[in-house]
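J.: Structure for this input, please:
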Amino acid sequence: MNALPRLGLLAGLLLTGLSAAAQKELTYTVTMDPAVSTNEFQVALQLPKLKKDQAVYQFASTAPGTYQVMNIGRFVRKFEAFDAKGKPLETKQLSTNQWQLARPDKTREIRYTIAETWDTPVTEHRVYRMCGSSLEADHALINAHTILGYPQGMQATPLRIKLNYPQGWKVGTPLTADAKGYYTTKNYDHAVDSPFLLGRLTEATTKLGDAEVALYCYSKTDQIQAQPLLGQMQKMLNAAQAFLVELPVKRYTFLYHFEDQSQGAWEHSYSSEYALQEQPLTPEYAQQITDMAAHEFFHIVTPLNIHSEIIERFNFVQPTGSQHLWLYEGVTEWAAHAMQLRGGLVPLEDYLTTLRNKVAYDHQRADTTYSLKRLGLNSFSDEGQQQYGNIYQRGAMTAALLDLRLLELSGGKRGLREVLLELTKQYGPSKPVSEQTFFDDFTKATYPEIRDFFRRYVENAEPLPLQEYYAKVGIRYAPAFDTGRKLASLGTNGYAMQPTGVMFTEVSPALQTCGVSQGDLFVAFNGMALKPETLRETFTAMQNAKPGAEVELTINHEGKEKKVRCRTVERPEIQRYHFALDPQATPAQLALRQIWQKNI
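T.: All right, here's what the predicted structure looks like:
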């Protein structure tokens, strides 16, 4: 239907304006041809007329939510610029991630080849798989920051993305293609927030209220299919909906890649992607996947709806850490487990075990003097990366205590969940909180005492008051708890894992008596070999032996293997970081516990 002659002057002006606006878009064509190459993407970018200050083409140094140096420019293999007639123009590489365009005013097209991050060797800063790119004969993973760059000054410019891929491939993405097959994003940040999984995929969908949830799955040997996996996750999704009341998104996409190793997951505003090891979908493995998905799914609250301006306007050139990483990851990790407890998916005893494991990590594997604020600000540095895993442990425990404190101050009427839902309505995807004043703003929205909480446990690293706070809901916490059970022991805890095996670093009198020396290797216990994959099983068997019984140790002494007979000694079973229900809890504590275990 040719209606243009009837549009009139105003409509003609509108079309002219739209045409001008379209010219300001960055239009990318990404070609994947596994028959030619299974590790390189071909990219062509159609450009509007550039200004002098847009003469540098920028690849990403990192991406939001990854907290790692990526330097995507390392993967560029060929970079060329052309004018409107296809004539080559001069370019020059300025740094790892930047290319200079000699004639930006004449440049109309940029073409380059860029290698995938998964299988391309690098000497340092290897990109996490779930945040990277991969191209194989039957599938591809695309994160925009690993494939696309942009002229400096045009990060806020809309993007149109066309993907050329083998016939028959299915595409999983939170974006929707137009009639011509182009995916449109409002800016570069939006593109980075919208991954693609393509290829030989299975697909499943479900509804949560008015929201659609889609799951796309690549499984190398088809051991895991989308529909059964989504079925395993359904109860968690229902619990998430109950926790959030109403989902703040209309569509959400899970992208799963199952192959030879696990590296984890990466959250996005309307999707999440997972790089996991392919293995049978047992109930245990399904629960691991569900726990991970619960965490990533909750990111639709934070940082999607509650985030500071640092996240709102991400610096892909020189990233800046946010002191509110405790909110983005710590609170999210707390919510992922709390909503399963409150949804009846996890019994209280199992939830307390989760708390114990998080406290153990904080005390045994992290620097307890390193504050959450400092961790957030230094998250992109090597120093911060050494402590980063603790944001999911101490960060989650801090959020759990904040929930308890809010419940106490409100008389059981308002916990952290309720405050988060209020903040979601106050802010949102396009209205950031203040990086500098959020602690004060949160306090004003709740209770004056909360400012002291943030000062002690987020801005500083005072020991978490676990015993005091959990007592409020009739739960006992003890750093060390004697269970009353007696275990068998060799009289020492002095072991060290070496490349050659388990070494005795301390030798008890009992071990000396039977001929064990410091530095000997512990090869086997009663014929059970001590290997990394069997250590826990072997030491459990040793502890469960009868105290005083004779056992056989295989040791390696000065390069020679020998068997010795020893008698075990008795030791009390001490559980570290122990959480348990208090049988003497008061009616007030029990009442608050009931509230704490459900959505108010």
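J.: Output stretch 421-432 as PDB - backbone C-alpha positions only.
T.: Taking C-alpha atoms only, stretch 421-432 is exported to PDB below (Å, rounded to 0.1, in the frame of the first residue of the first chain):
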ATOM      1  CA  LEU A 421       9.700  -3.500  47.200                       C
ATOM      2  CA  GLU A 422       9.200   0.100  48.400                       C
ATOM      3  CA  LEU A 423      12.500   1.200  46.900                       C
ATOM      4  CA  THR A 424      11.700  -0.500  43.600                       C
ATOM      5  CA  LYS A 425       8.600   1.700  43.300                       C
ATOM      6  CA  GLN A 426      10.500   4.800  44.400                       C
ATOM      7  CA  TYR A 427      13.300   4.300  41.900                       C
ATOM      8  CA  GLY A 428      13.300   1.900  38.900                       C
ATOM      9  CA  PRO A 429      15.300   1.000  35.700                       C
ATOM     10  CA  SER A 430      15.700   4.700  34.700                       C
ATOM     11  CA  LYS A 431      16.000   6.400  38.100                       C
ATOM     12  CA  PRO A 432      19.200   5.500  39.900                       C
END
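J.: Can I get stretch 553-573 as CSV, trimmed to CA atoms?
T.: C-alpha atoms of stretch 553-573 as CSV (Å, rounded to 0.1, in the frame of the first residue of the first chain):
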residue,chain,number,x,y,z
LEU,A,553,47.9,-46.1,57.0
THR,A,554,49.8,-46.1,53.7
ILE,A,555,52.5,-43.5,53.7
ASN,A,556,55.3,-42.4,51.5
HIS,A,557,58.5,-41.8,53.4
GLU,A,558,61.5,-40.3,51.5
GLY,A,559,60.2,-41.6,48.3
LYS,A,560,59.4,-45.1,49.5
GLU,A,561,55.8,-46.3,50.1
LYS,A,562,55.1,-48.4,53.2
LYS,A,563,52.1,-49.5,55.4
VAL,A,564,52.0,-48.9,59.1
ARG,A,565,49.5,-49.8,61.8
CYS,A,566,48.3,-47.1,64.2
ARG,A,567,45.7,-46.8,66.9
THR,A,568,43.2,-43.9,66.7
VAL,A,569,42.6,-41.6,69.6
GLU,A,570,39.3,-40.1,70.8
ARG,A,571,38.4,-36.5,70.2
PRO,A,572,35.1,-34.6,70.7
GLU,A,573,33.2,-33.5,67.6
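J.: Quickly list the domain ranges of the chain.
T.: Following automatic domain parsing, the chain resolves into domains at 20-199, 203-285, 301-473+582-600, 482-576.
J.: Could I get the pLDDT score of residue 36?
T.: pLDDT for residue 36: 91.
J.: Then residue 23?
T.: On the pLDDT scale, residue 23 is placed at 47.
J.: Same check on residue 480?
T.: Residue 480 carries a pLDDT value of 94.
J.: Give me the distance between it and residue 360.
T.: Look at residue 480 and residue 360: by Cβ to Cβ, to the nearest Å, they are 12 Å apart. Where you see a C-beta, it was placed from the backbone N, CA and C, and this is true even at glycine.
J.: Which stretches in the stretch 101-250 of the chain count as strands?
T.: Ranges of strands in the stretch 101-250 of the chain, per DSSP state E, counting those that start in this stretch, are 109-115, 134-136, 139-142, 150-151, 159-164, 170-172, 182-185, 196-199, 202-208, 211-219.
J.: a markdown table for the ones you listed, including mean pLDDT?
T.: Formatted as a markdown table, the strands of the stretch 101-250 of the chain follow (pLDDT from 0 to 100):
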| stretch | mean pLDDT |
| --- | --- |
| strand 109-115 | 98 |
| strand 134-136 | 97 |
| strand 139-142 | 98 |
| strand 150-151 | 97 |
| strand 159-164 | 98 |
| strand 170-172 | 98 |
| strand 182-185 | 98 |
| strand 196-199 | 98 |
| strand 202-208 | 97 |
| strand 211-219 | 97 |
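J.: Export the ones you listed as a markdown table, with columns for mean neighbour count and distance to residue 336.
T.: What follows is the strands of the stretch 101-250 of the chain, written out as a markdown table (neighbours: other Cβ atoms under 10 Å; distance: least, Cβ to Cβ, whole Å):
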| stretch | mean neighbour count | distance to residue 336 |
| --- | --- | --- |
| strand 109-115 | 19 | 34 |
| strand 134-136 | 22 | 27 |
| strand 139-142 | 25 | 24 |
| strand 150-151 | 24 | 33 |
| strand 159-164 | 20 | 31 |
| strand 170-172 | 20 | 22 |
| strand 182-185 | 18 | 28 |
| strand 196-199 | 24 | 22 |
| strand 202-208 | 16 | 16 |
| strand 211-219 | 22 | 16 |
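J.: Adding distance to residue 569, write those strands out as CSV.
T.: Shown next, in CSV, are the strands of the stretch 101-250 of the chain (distance: least, Cβ to Cβ, whole Å):
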stretch, distance to residue 569
strand 109-115, 58
strand 134-136, 53
strand 139-142, 54
strand 150-151, 67
strand 159-164, 66
strand 170-172, 58
strand 182-185, 66
strand 196-199, 55
strand 202-208, 55
strand 211-219, 50
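J.: which residues are in contact with both of residue 480 and residue 360?
T.: Common neighbours of residue 480 and residue 360 (criterion: Cβ atoms under 8 Å, 6 or more residues apart in numbering): residue 576.
J.: Have a look at the two and say which one is more surrounded.
T.: residue 360 (13 against 9; other Cβ atoms under 10 Å).
J.: Show me what the helix or strand hosting the more buried one is packed against.
T.: Residue 360 is part of helix 348-365, with elements assigned from DSSP states H and E. Counting contacts by 3 or more Cβ pairs under 8 Å, 6 or more residues apart in numbering; DSSP states H and E, helix 348-365 packs against helix 332-342, helix 394-409, strand 569-581.
J.: Which stretches in the stretch 201-350 of the chain count as helices?
T.: 226-244, 283-298, 309-312, 325, 332-342, 348-365 (DSSP state H, counting those that start in this stretch).
J.: Turn those helices into TSV, including mean pLDDT and distance to residue 531.
T.: As requested, the helices of the stretch 201-350 of the chain are exported to TSV (pLDDT from 0 to 100; distance: least, Cβ to Cβ, whole Å):
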stretch	mean pLDDT	distance to residue 531
helix 226-244	95	31
helix 283-298	94	21
helix 309-312	85	44
helix 325	94	37
helix 332-342	95	31
helix 348-365	95	22
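J.: need the helix or strand of this protein with the lowest average pLDDT.
T.: helix 8-23 (a mean of 33; mean pLDDT, DSSP states H and E).
J.: coming back round to it: CSV please, covering the helices of the stretch 201-350 of the chain and showing distance to residue 129.
T.: Converted to CSV, the helices of the stretch 201-350 of the chain look like this (distance: least, Cβ to Cβ, whole Å):
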stretch, distance to residue 129
helix 226-244, 19
helix 283-298, 14
helix 309-312, 23
helix 325, 22
helix 332-342, 21
helix 348-365, 23
